[in-house]
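> Build me a model:
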Amino acid sequence: NVNLLRDKSILITGATGLLGVCLIDALMRLNERGGNVAIYAVGRNREKAYDRLGIYFGHPCFHFLEQDVQTGLPGSLCVDYIIPGASNTHPLAYSWYPIETMLVNLKGTEYALNKASECGATVLYPSTVEVYGNAREEDVFTENYTGQLNLSTARGVWADHVGERFKGLFTIYQECTAG
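Numbers count the residues shown, from 1 in each chain. Purely as a prediction, here's the structure:
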């Protein structure tokens with residue numbers, strides 16, 4: 001229900017990627033209808049952000065933050081929702097630079113979860129079909145489907161694979177250390 005987002009604030013990392021741009025477009029459309037959603041778009045390159053999202057620069061609900069997710073998230077910023085979407089998603093990038101890709105995914109997820117803990121924010125972790133791996137012909141993709149992941153391939157370092165596992169482990173760690 002998109003009405004739950006009205007008058008809320010959302011931090012989106014990977015703002016210039018396909019998923020980030022689509023989410024920002026949808027949220028800005030909601031703002032056109034009185035949504036009053038404050039959007040904090042995090043990306044590494046202001047020029048690229050302006051090329052992709054320039055129509056929103058100057059809008060009172062849109063805030064671009066030039067920052068690499070591997071260096072943390074703004075300390076003073078508190079939001080209602082965090083969507084960690086930063087990752088290398090180009091097949092050549094994650095096959096040539098698997099360690100770097102994995103580190104972006106891990107550090108970005110770690111900082112998003114820490115920020116959520118500080119703010120009491122909800123993390124909306126996006127997933128694509130990649131999180132489920134290769135399907136067998138009879139498989140149907142649902143949220144409970146575990147798929148057949150092959151983490152020994154170059155695609156195994158992508159955000160959905162690494163981030164989902166890290167998020168689960170991080171949550172378990174927080175529960176263990178809190179009690």
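
> Could you check the pLDDT of residue 165?
According to the prediction, residue 165 has pLDDT 60.

> quick one, phi/psi of residue 64?
Main-chain dihedrals, residue 64, degrees, to the nearest 10: phi -100, psi 130.

> no no, residue 123
The phi/psi pair for residue 123 (degrees, to the nearest 10) is phi -90, psi 120.

> Over to residue 68?
The phi/psi pair for residue 68 (degrees, to the nearest 10) is phi -90, psi 130.

> how about the helices in this structure?
18-32, 46-53, 91-96, 98-119, 159-178 (DSSP state H).

> Of those, flag the one that's most buried.
Neighbour counts (mean count of other Cβ atoms under 10 Å) averaged over each of those peak at helix 98-119, with a mean of 19. For every residue, glycine as well, the C-beta is placed using N, CA and C.

> Kindly export that helix (C-alpha atoms) in PDB.
Output of helix 98-119 as PDB, limited to C-alpha atoms (Å, rounded to 0.1, in the frame of the first residue of the first chain):
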ATOM      1  CA  PRO A  98      34.300 -10.000  -7.900                       C
ATOM      2  CA  ILE A  99      36.000  -9.000  -4.600                       C
ATOM      3  CA  GLU A 100      35.300  -5.300  -5.100                       C
ATOM      4  CA  THR A 101      31.600  -6.100  -6.000                       C
ATOM      5  CA  MET A 102      31.300  -8.300  -2.900                       C
ATOM      6  CA  LEU A 103      32.700  -5.500  -0.700                       C
ATOM      7  CA  VAL A 104      30.300  -2.900  -2.000                       C
ATOM      8  CA  ASN A 105      27.500  -5.300  -1.300                       C
ATOM      9  CA  LEU A 106      28.700  -6.200   2.200                       C
ATOM     10  CA  LYS A 107      29.700  -2.700   3.300                       C
ATOM     11  CA  GLY A 108      26.600  -1.100   1.800                       C
ATOM     12  CA  THR A 109      24.400  -3.600   3.500                       C
ATOM     13  CA  GLU A 110      26.300  -3.300   6.800                       C
ATOM     14  CA  TYR A 111      26.000   0.500   6.800                       C
ATOM     15  CA  ALA A 112      22.300   0.400   5.800                       C
ATOM     16  CA  LEU A 113      21.500  -2.000   8.700                       C
ATOM     17  CA  ASN A 114      23.500   0.000  11.200                       C
ATOM     18  CA  LYS A 115      21.800   3.200  10.100                       C
ATOM     19  CA  ALA A 116      18.400   1.500  10.400                       C
ATOM     20  CA  SER A 117      19.300   0.400  13.900                       C
ATOM     21  CA  GLU A 118      20.300   4.000  14.800                       C
ATOM     22  CA  CYS A 119      17.100   5.500  13.400                       C
END
